[in-house]
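J.: Fold the following, please.
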Amino acid sequence: MHPLAVAGAATGKLVHYAVSGVVGALIIKNLPAAKPAARKALVGGLAGGIVASRWLASATEEARLKAGDVLAEARTSLGEEVPPPSAVDVNHDHGHEH
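T.: Below you'll find the predicted structure:
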């Protein structure tokens with residue numbers, strides 16, 4: 001996997017967990033005493049966070065795919081054979097039987 005794809009995925013997860021943690025703390029702290037309007041705003045904010053998280057995941061995947069395309073094109077320009085995207089290294093040894 002390309003280093004930029006790994007960095008993008010890690011950043012996306014970090015942002016997701018940070019936002020989720022802050023929002024979760026606010027919910028636990030304030031939800032029982034929240035008035036209906038505040039609760040509605042909080043639910044709307046959470047829904048927006050979910051949408052943003054999904055968008056971020058989609059953008060990260062798109063960036064990963066584009067980086068893979070560029071890498072494949074670079075290998076092709078060097079005359080190397082490019083493995084298909086679904087190619088998996090089945091000759092791996094990480095200490096257990098399959």
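
J.: Tell me the helices and strands packed up against the helix or strand of the chain with the lowest mean pLDDT.
T.: Here the helix or strand of the chain ranked lowest by mean pLDDT, DSSP states H and E is helix 3-30, holding a mean of 74. Helix 3-30 is packed against helix 36-77, with contacts defined by 3 or more Cβ pairs under 8 Å, 6 or more residues apart in numbering; DSSP states H and E. The way it works is simple: take the backbone N, C-alpha and C, and place the C-beta from them, glycine included.

J.: Compute the inter-axis angle for the helix it packs on and helix 3-30.
T.: 170 degrees (axes from the mean of the first three to the mean of the last three Cα atoms, to 10 degrees).

J.: that older thread, which positions in the least confident helix or strand of the chain come out as buried?
T.: Neighbour counts over helix 3-30 (16 or more other Cβ atoms under 10 Å) mark 5, 8-9, 12, 16, 19, 27 as buried.

J.: Mind putting the residues you listed into a markdown table with distance to V51?
T.: As requested, these are exported to a markdown table (distance: Cβ to Cβ, whole Å):
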| residue | distance to V51 |
| --- | --- |
| A5 | 23 |
| G8 | 19 |
| A9 | 19 |
| G12 | 14 |
| H16 | 12 |
| V19 | 12 |
| I27 | 17 |
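
J.: Closest to V70 out of the residues you listed?
T.: A5 (11.2 Å; Cβ to Cβ).

J.: So G79: helix, strand or coil?
T.: coil (DSSP: H, G, I helix; E, B strand; the rest coil).

J.: For it, give me its contacts.
T.: For G79, no residue meets the contact criterion (Cβ atoms under 8 Å, 6 or more residues apart in numbering).

J.: Now do it, the pLDDT please.
T.: If you check G79, the pLDDT there is 91.
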